[in-house]
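Enquirer: Generate coordinates for the sequence data below:
(one chain, ligands or ions: 1)
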Amino acid sequence: MKILISVFLIFYSFTIFPINCVAQNNFYKNGMVSSADEIASEIGIEVMKKGGNAIDASVAVGFALAVVYPQAGNIGGGGFMVIHLNDGRNTSIDYREKAPLLSHRDMFLDKNGNVIDGLSTTGHLSGGVPGSVKGLLFALEKYGTMKREEVLTYAINLAENGFEISPRLAKVLNEYQNQFSKFPSTMKIFGKNWKAGDLLIQKDLANTLRLISNYGAEGFYTGYVADKIVEEMKLYDGLISYEDLLKYEAKERAVVTGTYKGYEIISMGPPSSGGISLIYLLNILEQENLGKYGYGSADAISVMTEGMRVVYADRSEHMADIDFYEVPVNVLTSKEYARKRFDNFGNDRARNSDEIKPGNIAKEKENTTHYSIADKDGNCVSVTTTINDNFGSKLVIEGAGFFLNNEMDDFVSKPGVPNMFGLLGSEANSISPEKRMLSSMTPTIVLKDGKPFMITGSPGGGRIITAVLMSIINVIDFGMNIVDAVDKPRFHHQWYPDEIQAENGMLSETVRKELVKRGYKINDFRDYASLDVIIFNDNGEMRGHSDRRGYGKAIGY
Ligand code: DON
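Expert: Residues are numbered from 1 along each chain as shown. Now for the predicted structure:
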């Protein structure tokens with residue numbers, strides 16, 4: 001059997017990936033994929049080589065990540081896809097999870113009204129109704145060119161026959177053994193002491209993917225897989241029902257747009273806070289000459305921090321699922337509002353988060369994963385997808401082979417109590433049946449003169465927005481090449497906690513002293529947020545880069 005598998009893998013690697021899969025340094029004409037996993041990026045390239053467009057490739061990559069990047073790639077979670085088509089149209093697909101019909105506002109509180117530790121983050125109650133399968137297939141049917149069976153075949157093969165795991169995947173699987181041990185269904189597949197090079201075979205997942213390939217979304221939301229999800233829920237007091245699965249729909253939504261110093265920003269609107277917050281921050285920073293201050297200077301960091309403080313205060317109050325709460329998108333993304341909220345700021349002193357309240361607007365841990373894809377015809381796709389935490393709820397649905405998300409933690413369990421990313425929220429983002437939890441995912445496409453300039457996005461919880469922001473201003477304001485723009489140290493501030501979270505190497509000693517003098521609290525922070533970015537030159541050629549913080553790969557041809 002072992003020999004058979006090795007023969008398959010050798011055959012597979014020669015037939016499927018005979019590509020110049022190295023160089024991240026060059027510009028390519030025909031296609032580019034930057035994702036969190038090399039095998040997934042190779043599959044995206046292979047799909048385009050076979051004549052598929054960027055959307056076909058992004059669907060194949062999405063399903064492949066569900067196999068080779070189980071900590072975040074998923075069919076048990078949700079995500080957002082932002083698309084720029086070569087005819088100039090921009091659109092987005094929202095396949096965010098939603099709260100089950102039986103959920104209610106206080107479901108994570110005890111009888112005294114206190115949040116029950118761990119309930120929104122682990123196990124059956126933490127899962128929202130998954131959206132990924134509907135979303136990816138919606139994109140394929142509407143904007144792709146290939147057959148479902150063609151794009152799914154790669155993921156099915158990898159799940160059925162296994163793949164050799166990387167040192168990083170072995171490490172992360174081993175780190176989570178203790179948490180997996182609560183769930184026999186998870187242990188059955190992932191419970192062992194992993195070594196780099198071990199084969200990870202996922203037969204149940206292969207079967208689920210085959211059902212999706214054969215029957216489309218019905219293969220997931222009805223029949224065998226639906227039975228397995230509902231059985232699992234019944235055994236452990238989970239809430240997801242047949243009706244939840246039947247009613248789940250991906251939604252095509254208008255993108256949110258803005259401009260920054262002559263560039264056009266296309267990003268994801270509610271239920272993500274990402275696009276609005278990014279555009280709001282860029283509108284604030286457009287009033288400043290960051291290029292003059294310089295990357296890493298005390299003045300640039302002060303001004304960016306103050307912008308972040310204001311934007312995250314508004315995020316906590318005014319952003320939520322727009323189908324349930326009237327998010328004032330136009331106000332929040334307007335230049336006027338940014339000016340009003342960011343008036344008369346001098347760089348010489350830190351404000352205090354207690355002074356900053358959300359604006360008064362009249363009504364109108366690893367892991368998530370991002371991938372950026374562009375094809376030879378100028379179609380661009382920016383996808384961020386998640387099961388929230390690493391391996392989501394840690395629960396594999398018995399017999400169906402995939403991790404259920406723990407996205408319910410992105411709702412506000414109780415106003416004033418931060419979620420796992422330390423983010424605060426208000427009633428606007430409280431739990432309600434069929435509502436989608438607020439996200440920070442920020443899949444973004446930047447255009448210049450109507451042509452693709454950059455595709456960017458990242459995991460990182462609440463830090464996604466500022467990581468994406470920095471990828472853009474590092475290029476536009478600080479003139480960096482794509483590698484530096486992605487890899488250079490970053491910092492983050494999210495209103496509360498009132499501190500600058502600075503990655504190692506972000507602050508020189510002089511700058512640190514200066515910031516402390518101005519009144520900033522500084523928290524040295526581990527590396528966070530792993531960007532996957534593509535940039536275009538004036539000839540429309542593409543160069544990709546996958547963040548040094550992750551173990552992904554950008555591949556072009
Ligand atoms: O949608 C969100 O904002 C979160 N569920 C994303 C989680 C995430 O990025 C975790 N990765 N570090």
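
Enquirer: ok, now which ones touch the most centrally placed residue in the chain?
Expert: Centroid-nearest residue in the chain, with Cα atoms, centre = their mean: T384, separated by 3.3 Å. The contact partners of T384, taken as Cβ atoms under 8 Å, 6 or more residues apart in numbering, are 79-80, 268, 274, 368-370, 441-443, 457-459, 464. Where C-beta positions appear, they are placed from N, C-alpha and C, glycine not excepted.

Enquirer: Now do the closest residue to N379 other than its chain neighbours: how many residues are near it, please.
Expert: Spatial nearest neighbour of N379, excluding adjacent residues (Cβ to Cβ, 6 or more residues apart in numbering): A54 at 4.2 Å. Here the number of neighbours of A54 (other Cβ atoms under 10 Å) works out to 32.

Enquirer: what's the answer for T222, then?
Expert: Neighbours of T222 (other Cβ under 10 Å): 15.

Enquirer: same for the helix or strand where I265 lies, what does it pack against?
Expert: Assigning secondary structure by DSSP states H and E places I265 in strand 263-267. Under the contact criterion of 3 or more Cβ pairs under 8 Å, 6 or more residues apart in numbering; DSSP states H and E, strand 263-267 touches strand 78-84, strand 256-260, helix 274-285, strand 444-448, helix 464-476.

Enquirer: If we use 7 Å, what do you get?
Expert: If you count contacts as 3 or more Cβ pairs under 7 Å, 6 or more residues apart in numbering; DSSP states H and E, strand 263-267 packs onto strand 78-84, strand 256-260, helix 274-285, strand 444-448.

Enquirer: got the contact list for it?
Expert: 82, 84, 90, 255-259, 274-275, 278-279, 282, 442, 444-448, 453, 476 (Cβ atoms under 7 Å, 6 or more residues apart in numbering).

Enquirer: Mark which of the residues you listed are buried, thanks.
Expert: With neighbours counted by 16 or more other Cβ atoms under 10 Å, the contacts of strand 263-267 contain buried members at 82, 84, 90, 255-256, 258, 274-275, 278-279, 282, 442, 444-447, 453, 476.

Enquirer: returning to that earlier point: now render the helices and strands packed on strand 263-267 as a markdown table, adding mean pLDDT and distance to P415.
Expert: Formatted as a markdown table, those follow (pLDDT from 0 to 100; distance: least, Cβ to Cβ, whole Å):
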| stretch | mean pLDDT | distance to P415 |
| --- | --- | --- |
| strand 78-84 | 98 | 24 |
| strand 256-260 | 98 | 25 |
| helix 274-285 | 98 | 20 |
| strand 444-448 | 98 | 29 |
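
Enquirer: Using a markdown table, lay out these together with distance to R548.
Expert: Shown next, in a markdown table, are those (distance: least, Cβ to Cβ, whole Å):
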| stretch | distance to R548 |
| --- | --- |
| strand 78-84 | 24 |
| strand 256-260 | 25 |
| helix 274-285 | 22 |
| strand 444-448 | 20 |
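
Enquirer: Out of the ones you listed, which is closest to E434?
Expert: Among the helices and strands packed on strand 263-267, strand 78-84 comes nearest to E434, with 13.6 Å by Cβ to Cβ.

Enquirer: Need the contact partners of that closest one.
Expert: For strand 78-84, contacts defined as Cβ under 7 Å, 6+ apart pick out 55, 58, 90-97, 130-132, 135, 139, 143, 255, 266-268, 272, 380-386, 405, 407, 441, 443-445, 447, 452.

Enquirer: Who are the contact partners of D389?
Expert: 121, 365, 367, 406, 420.

Enquirer: By neighbour count, which of those wins?
Expert: N406 (31 neighbours).

Enquirer: mind checking pLDDT for that one?
Expert: Note for N406: predicted pLDDT of 97.

Enquirer: Isn't it up against T121?
Expert: Yes - using Cβ atoms under 7 Å, N406 is in contact with T121, at 5.1 Å.

Enquirer: Can you pull out the low-pLDDT segments for this protein?
Expert: 1-25, 344-347, 362-366 (pLDDT under 70).

Enquirer: Write out the residues of it neighbouring the ligand.
Expert: 365-368, 386, 388, 407, 410, 439-441, 459-461, 464 (Cβ under 6 Å from any ligand atom).

Enquirer: Can you turn the buried part of these into a PyMOL selection?
Expert: Selecting only the buried entries of these in PyMOL, with 16+ other Cβ under 10 Å as the criterion:
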select buried, resi 366+367+368+386+388+407+410+439+440+441+459+460+461+464
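
Enquirer: Please identify which of the residues of the chain next to the ligand is nearest to F525.
Expert: G460 (11.1 Å).

Enquirer: Are we agreed that D314 is in a helix?
Expert: Yes - assessed by DSSP: H, G, I helix; E, B strand; the rest coil, D314 belongs to a helix.

Enquirer: Who are the contact partners of it?
Expert: 332, 358-359.

Enquirer: can you pick the most crowded of those residues?
Expert: Going by other Cβ under 10 Å, L332 tops those with 25 neighbours.

Enquirer: how much space between the closest residue to that one other than its chain neighbours and the ligand?
Expert: Of all residues not flanking L332 in the chain, I276 sits nearest, at 5.0 Å (Cβ to Cβ, 6+ apart). According to Cβ to the nearest ligand atom, to the nearest Å, I276 stands 13 Å off from the ligand.

Enquirer: Next: I473.
Expert: 21 Å.

Enquirer: The residue nearest to that residue when sequence neighbours are not counted: how many residues sit nearby?
Expert: Counting by Cβ to Cβ, 6+ apart, L290 is the residue found nearest to I473 once chain neighbours are left out, at 6.0 Å. By other Cβ under 10 Å, 20 other residues sit near L290.

Enquirer: mind listing the strands for the stretch 451-557 of the chain?
Expert: 451-456, 491-492, 500-503, 522-525, 532-536, 542-546, 553-556 (DSSP state E, counting those that start in this stretch).

Enquirer: Now render those as CSV, adding distance to K414.
Expert: Formatted as CSV, the strands of the stretch 451-557 of the chain follow (distance: least, Cβ to Cβ, whole Å):
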stretch, distance to K414
strand 451-456, 34
strand 491-492, 24
strand 500-503, 24
strand 522-525, 24
strand 532-536, 34
strand 542-546, 38
strand 553-556, 41
